[in-house]
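Visitor: Following is a predicted model, sequence given first.
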Amino acid sequence: MNDKTSLYEVIWEQGLQPELVSFCIGLNWLYIIILTTAFYGMTHTKLLDSFTDISDKPWWRRNTMWFAGLITMIIFTIFHILEQNSITWTYITSNLRSMFFTVIFSSIFVDIPVYIIKGFGKFIDTKAKDKDV
């Protein structure tokens, strides 16, 4: 009865790792891709300005991504019903977890790649201008 467990085993192998695996397996990746695309349209194009300009209230502007996530989840649920699938708690929790994941990490999935591509585009553009001279 002298089983000694390490701090690594307690925190990672018995704590975080099973939870992270379970969390990632249960995500709705199609929902994440669609919502990420909508977030890109909301933040980096003028295509969805009408949605973000609905209200001038500060609480609306701060929570626009959450509202977009809820609207997208409702649309996904309607499509799921129209495909004659039943709505289960697993489906609802999968979409909720996917929404939280996407909203929280949206700057990583949307903003950082856009800034990298814009920076790389400026780098290529200056190289092309130097070559033309």
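Guide: Received, thanks.
Visitor: Which stretches in this protein count as helices?
Guide: 7-8, 17-25, 29-44, 49-52, 58-62, 64-82, 89-104, 106, 112-132 (DSSP state H).
Visitor: Turn the ones you listed into a markdown table, including mean neighbour count and mean pLDDT.
Guide: Quick note: C-beta positions are derived from backbone N, CA and C, even for glycine. Below are the helices of the chain laid out as a markdown table (neighbours: other Cβ atoms under 10 Å; pLDDT from 0 to 100):
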| stretch | mean neighbour count | mean pLDDT |
| --- | --- | --- |
| helix 7-8 | 8 | 76 |
| helix 17-25 | 10 | 85 |
| helix 29-44 | 17 | 87 |
| helix 49-52 | 12 | 72 |
| helix 58-62 | 10 | 79 |
| helix 64-82 | 15 | 92 |
| helix 89-104 | 16 | 91 |
| helix 106 | 20 | 84 |
| helix 112-132 | 10 | 73 |
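Visitor: got the contact list for the residue nearest to the spatial centre of the chain?
Guide: The residue lying closest to the centre of the chain (Cα atoms, centre = their mean) is T102, at 1.9 Å. With contact set as Cβ atoms under 8 Å, 6 or more residues apart in numbering, T102 has these partners: 31-32, 35-36, 39, 69, 109.
Visitor: quick check, nearest of these to D3?
Guide: Using Cβ to Cβ, I32 comes nearest to D3 of these, at 40.1 Å.
Visitor: wait, that closest one sits on I104?
Guide: No - I32 lies out of contact with I104 (Cβ atoms under 8 Å); the separation is 11.5 Å.
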